[in-house]
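[1] Need coordinates for the following:
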Amino acid sequence: MSESKKCKICRRQGAKLFLKGDRCLSAKCPMIKKPYAPGPRKKKRPRPLSEYGKQLREKQKLRNWYNLSEDKFRQYIMQTLKARGKVADASAYLVKLLESRLDNVIFRMGIAASRSTAREIISHKHVLLNGRVMNISSHLVKKGDVISLKEKHKEKAGFKNISENLKKYKAPSWLELNSDKLEAKVISDPVLDEAAPPADLLAIFEFYSK
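    Numbers count the residues shown, from 1 in each chain. Next up, the predicted model:
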């Protein structure tokens with residue numbers, strides 16, 4: 001079986017970005033067997049990266065971690081840079097934006113094994129926001145919002161065992177998870193330390209500040 005594009009992204013960035021869900025936690029993860037960049041020069045000692053190269057790599061890590069297009073990711077960065085001086089911590093502000101996306105919330109609830117799967121669930125209109133269908137993955141949730149699945153979709157094959165699995169799952173502190181109802185309430189803002197983004201956020205800000 002050929003290696004997936006998503007696995008090659010992780011190898012290229014030199015970090016597990018958990019783009020393939022449960023496979024990333026298994027022994028089948030290519031990052032375990034081939035922890036080097038793909039391509040014909042993969043086994044040679046890599047050249048040292050320039051400062052620009054390091055910043056680019058950090059940017060790509062975070063963009064792929066949240067499964068975003070370049071344009072959408074840049075939009076969040078620009079919004080954060082404009083907010084500098086108005087917010088206490090630019091890094092925390094950026095993470096709040098990224099973590100508040102509906103596709104990320106579905107992933108953090110434990111309903112989806114990856115953010116790309118979460119996006120599919122949302123686009124197929126399985127998700128309710130405050131009791132109404134929401135099929136926009138980029139929608140930013142806020143404190144007090146309740147996210148759930150449609151009742152008729154809970155019985156579908158892909159969702160049948162989720163409730164039991166969620167009883168063993170620990171959601172982030174900013175989500176109040178009800179595993180029986182497959183529902184979560186946003187009770188506070190996402191926390192930077194808890195989100196644990198796999199990238200140097202300051203390097204990313206420098207990349208876009210040039």
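[2] count of neighbours near the residue nearest to S209 when sequence neighbours are not counted?
    Nearest-residue entry for S209: L81, 6.7 Å, with adjacent residues in sequence omitted and distances by C-beta to C-beta, 6 or more residues apart in numbering. The way it works is simple: take the backbone N, C-alpha and C, and place the C-beta from them, glycine included. Around L81 sit 15 other residues, with neighbours defined as other C-beta atoms under 10 Å.
[3] secondary structure element for Q60?
    Using DSSP states H and E, Q60 sits in helix 51-65.
[4] could I have that helix exported to CSV, CA atoms only?
    Once side chains and other backbone atoms are set aside, the C-alpha atoms of helix 51-65 remain, and they are given as CSV (Å, rounded to 0.1, in the frame of the first residue of the first chain):
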residue,chain,number,x,y,z
GLU,A,51,16.1,31.3,9.3
TYR,A,52,13.5,31.7,6.6
GLY,A,53,13.4,27.9,6.1
LYS,A,54,12.9,27.4,9.9
GLN,A,55,10.0,29.9,10.0
LEU,A,56,8.4,28.3,6.9
ARG,A,57,8.6,24.9,8.4
GLU,A,58,6.9,26.1,11.6
LYS,A,59,4.2,27.8,9.6
GLN,A,60,3.6,24.6,7.6
LYS,A,61,3.4,22.5,10.7
LEU,A,62,0.7,24.6,12.3
ARG,A,63,-1.3,25.1,9.0
ASN,A,64,-1.3,21.3,8.4
TRP,A,65,-2.0,20.6,12.1
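[5] And it, what's buried?
    Neighbour-count burial for helix 51-65, with 16 or more other C-beta atoms under 10 Å as criterion, is recorded at Q55, R57, E58, K59, Q60, K61, L62, R63, N64, W65.
[6] Kindly reformat the residues you listed as CSV containing pLDDT and distance to H153.
    Output for the buried residues of helix 51-65, formatted as CSV (pLDDT from 0 to 100; distance: C-beta to C-beta, whole Å):
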residue, pLDDT, distance to H153
Q55, 96, 42
R57, 94, 39
E58, 96, 37
K59, 97, 36
Q60, 96, 34
K61, 95, 33
L62, 97, 31
R63, 97, 30
N64, 94, 28
W65, 95, 27
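[7] Please consider this matter closed, and thank you.
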